[in-house]
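Q: I need the structure of the sequence given here:
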Amino acid sequence: MTVDGLLIINKTTGMTSHDVVARVRKLLHQKRVGHAGTLDPAASGVLPICVGQATRVAEYLSESGKAYQAEITFGIVTDTYDSEGTIIRTADTAGLTQDQIEEKLAHFLGPQMQMPPRYSAIKIQGQPAYKRSRAGEAIELDPRPIEIFQLRVLTWLPPRLTLAIECSKGTYIRSLAYDLGERLGCGGYLTSLIRTRSGPFSLADSITLEQLAEAVTQGTVEHHLFSPDSALQQYPALKLDDSTAQRVLHGNAFWYDHQDNLVAAELARVYDLAGNFLAIATWDAEQGLWQPKKVLNGQ
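A: Alright, predicted model coming up:
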C-alpha cells in the first residue's frame, strides 16, 4: 500500500517525534515518512506526519504557527524549566494573584527575542545543547526571534496556572514559563504541555497511533489522510492550462495570466485544470515568472 498525505498524530507523552515517525513507517510499511515540527517527549498533542509525496511540504508546515495548552507551577524553578529537571530554587507564592499574572503576561505578547533553555535540542558545534549541559559544560545560547500572538488564562488554581498560547514556530514554552516566573519574582516551571494546533491542523483532526494501527488493519487509513496541499492553504492557488502544466512538470518557469491578482505573493500552489496538485512555485521578480520549486510526481 502506497500512502501519500498527512497524518495528524496525537502524540502521547514519553515518545520522541522520531519514535512516532518510526512507528508510522512500520505500520504503513513505507520509508518516506517524516514529521513537520518536533514536539518534546514530555509534551503531547498535535504532530503532523508527512507520508510519501507529502514529505515535500514538511518544511512549510514546520514554519507555520503553533498553539498550546500549558500548565505552569509557580514557586519552583528547575534547571530544565520543566518537571524533568532538578529543583534549584523555591519561593513562597501565597500572595500571588491572577491580576498580577495577567499584568505580567501582557509583557510577553508580540515580537521579541527569547532565550532558549540550556537543555534543548539546539545544536552547538554539531551537538545538542542538552547533551553538553548534561556533561557539565557551561554553554551559551543566543536569544532567538519569536512572536507570541495570544496568552489567555484558562484556570488559576494556586500555584498552578493553565494558559492557552498561540505563537510562532521556534517558541519555547518552557522558556516562557521560566521567564514569567522570573518577572513575578517567585520563579516557575512548565508542568505539562499539550500542542493543540500546528499550522492549520488541530487536535480535532488528530488520531492516536493506536487508532492508526486499527485503521491499517481495517484498510481505512485514507479516511485519516489530509492531502499534501492542505498544509499550504495560506498560499494562493494557480490553476494552469494543460500546456503550462506540462512545463511545470518538467521544472520550467511559467507566466500566470492573473498575476496582478496575487498581491506580491512569493509562494503559490500549482494545479492543473483537473485540480491535481502539481507543484510549489516561487515568484521570480527579476524574470517576472513563476519558478517551480518542488514538483510533485505521480499525479
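
Q: check contacts around A36.
A: Residues near A36 by C-beta atoms under 8 Å, 6 or more residues apart in numbering: 6, 48-50, 57-59, 61-62, 198-199, 231. The C-beta positions use only the backbone N, C-alpha and C, and glycine is treated the same way.

Q: make that L157, sorry
A: If you count contacts by C-beta under 8 Å, 6+ apart, L157 has none.

Q: partner residues bridging it?
A: R160 (DSSP bridges).

Q: What pLDDT does the model give it?
A: Here, the pLDDT recorded for L157 equals 98.

Q: same thing with R134?
A: Looking at R134, its pLDDT stands at 59.

Q: what's the answer for L141, then?
A: pLDDT, L141: 72.

Q: Let the chain start at 6 from now.
A: In the new count, where the first residue is 6, that last one comes out as L146.

Q: can you give me the helices for the protein?
A: Along the chain, the stretches classed as helices by DSSP state H are 22-33, 63-67, 103-110, 134-139, 178-189, 214-223, 247-254.

Q: Quick check: the farthest pair among the contacts of A41?
A: Farthest pair in the contacts of A41 (C-beta to C-beta) is I54 and E64. Separation: 14.3 Å.

Q: If you count surrounding residues, which of these two has more?
A: I54 (26 against 14; other C-beta atoms under 10 Å).

Q: mind checking how far the nearest residue to the more buried one once chain neighbours are set aside is from T201?
A: Of all residues not flanking I54 in the chain, L12 sits nearest, at 4.5 Å (C-beta to C-beta, 6 or more residues apart in numbering). Distance, L12 to T201, using C-beta to C-beta, to the nearest Å: 17 Å.

Q: Compare neighbour counts for the two and give me the winner.
A: Counted by other C-beta under 10 Å, L12 and T201 do not tie: L12 has more neighbours, with 27 against 18.

Q: picking up where we left off before, dump the contacts of A41 into JSON lines; add pLDDT and distance to L278 as well.
A: Below are those laid out as JSON lines (pLDDT from 0 to 100; distance: C-beta to C-beta, whole Å):
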{"residue": "L11", "pLDDT": "96", "distance to L278": "24"}
{"residue": "P53", "pLDDT": "96", "distance to L278": "29"}
{"residue": "I54", "pLDDT": "96", "distance to L278": "31"}
{"residue": "C55", "pLDDT": "95", "distance to L278": "27"}
{"residue": "V62", "pLDDT": "88", "distance to L278": "22"}
{"residue": "A63", "pLDDT": "88", "distance to L278": "27"}
{"residue": "E64", "pLDDT": "87", "distance to L278": "28"}
{"residue": "L66", "pLDDT": "85", "distance to L278": "27"}
{"residue": "S67", "pLDDT": "80", "distance to L278": "31"}
{"residue": "S203", "pLDDT": "94", "distance to L278": "32"}
{"residue": "G204", "pLDDT": "92", "distance to L278": "28"}
{"residue": "A236", "pLDDT": "89", "distance to L278": "23"}
